[in-house]
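Participant: I would like the atomic coordinates for the input below:
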Amino acid sequence: MTPYDVIVPAGGAARRLGGADKPGLTVGETTLLDRVLAACTGARTTVVVGPGRPTVRTGVHWTREQPPGGGPVAAVAAGLDLITAPTVLLLAADLPFLDRRTVDRLVTVLAEAGPAVDAAVLVDAGGRDQPLAAAYRTAPLRTALAALGDPAGLPLRRLTGGLSRQLVADTDNVAYDCDTWEDLEQARERDRS
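Facilitator: Sure thing, here's the model as predicted:
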């Protein structure tokens with residue numbers, strides 16, 4: 001398998017959750033962040049960008065985006081400072097059903113796609129690509145980031161939109177994220193069934 005690193009942006013304001021600590025919310029007995037970290041245990045380096053917190057997984061590197069709360073592109077910029085693998089996964093901290101099989105699939109699809117493809121991105125059942133459930137070639141991601149200038153406050157699609165992508169069908173709905181209390185309750189119901 002191609003060596004890979006992981007960046008998990010986890011410093012958002014969670015406005016639709018009333019400012020709750022979204023990565024610390026639980027589905028089952030496990031926090032959303034711990035569920036994501038469990039899916040990427042094959043990573044050489046795992047970087048969480050956000051306030052430090054206890055996690056089940058050890059060996060996680062913590063950093064903060066500048067300024068704190070500066071958005072997903074600022075989080076990627078901070079995370080890229082700590083990674084060295086030729087492939088990096090960007091994974092949202094609120095994906096309760098992400099699994100190791102999907103992580104490995106993204107890495108494999110990108111490796112097999114060849115150098116003309118910069119990213120392997122999950123696409124949900126509604127046809128929306130999920131840039132925070134994706135594997136990227138590190139060098140083109142760094143180049144795109146450098147071209148943006150100051151990353152603070154920029155939307156993630158501004159960074160990833162110009163990269164060539166291989167779309168990967170999310171057949172198991174693992175890119176389901178928890179942006180609202182209703183999303184979280186649905187995830188808890190799905191987990192119980």
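Participant: Can you pull up the most central residue in the protein?
Facilitator: residue 91 (1.1 Å; Cα atoms, centre = their mean).
Participant: Give the bridge partners for it, please.
Facilitator: For residue 91, the beta-bridge partners are residue 133 (DSSP bridges).
Participant: wait, what's in contact with it?
Facilitator: Contacts for residue 91 (Cβ atoms under 8 Å, 6 or more residues apart in numbering) come out as 6-8, 36, 39-40, 98, 103, 132-133. C-beta coordinates here come from the backbone N, C-alpha and C atoms, glycine included.
Participant: Turn these into a markdown table, including pLDDT, secondary structure and neighbour count.
Facilitator: Formatted as a markdown table, the contacts of residue 91 follow (pLDDT from 0 to 100; DSSP: H, G, I helix; E, B strand; the rest coil; neighbours: other Cβ atoms under 10 Å):
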| residue | pLDDT | secondary structure | neighbour count |
| --- | --- | --- | --- |
| 6 | 98 | strand | 28 |
| 7 | 98 | strand | 29 |
| 8 | 97 | strand | 27 |
| 36 | 97 | helix | 27 |
| 39 | 96 | helix | 22 |
| 40 | 95 | coil | 22 |
| 98 | 96 | coil | 26 |
| 103 | 97 | helix | 23 |
| 132 | 96 | strand | 23 |
| 133 | 97 | strand | 27 |
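Participant: if I look at the closest residue in space to residue 2 that isn't next to it in sequence, how far off is residue 160?
Facilitator: Beyond its immediate neighbours in the sequence, the residue positioned closest to residue 2 (Cβ to Cβ, 6 or more residues apart in numbering) is residue 111, lying 4.4 Å away. Going from residue 111 to residue 160 by Cβ to Cβ, to the nearest Å gives 19 Å.
Participant: out of those two, which sits in the more crowded spot?
Facilitator: residue 160 (25 against 17; other Cβ atoms under 10 Å).
Participant: does the residue nearest to the more buried one when sequence neighbours are not counted sit in a helix or strand, and which one?
Facilitator: Spatially, and ignoring its direct neighbours in sequence, residue 160 is nearest to residue 131 (4.6 Å; Cβ to Cβ, 6+ apart). Under the criterion of DSSP states H and E, residue 131 resides in strand 129-137.
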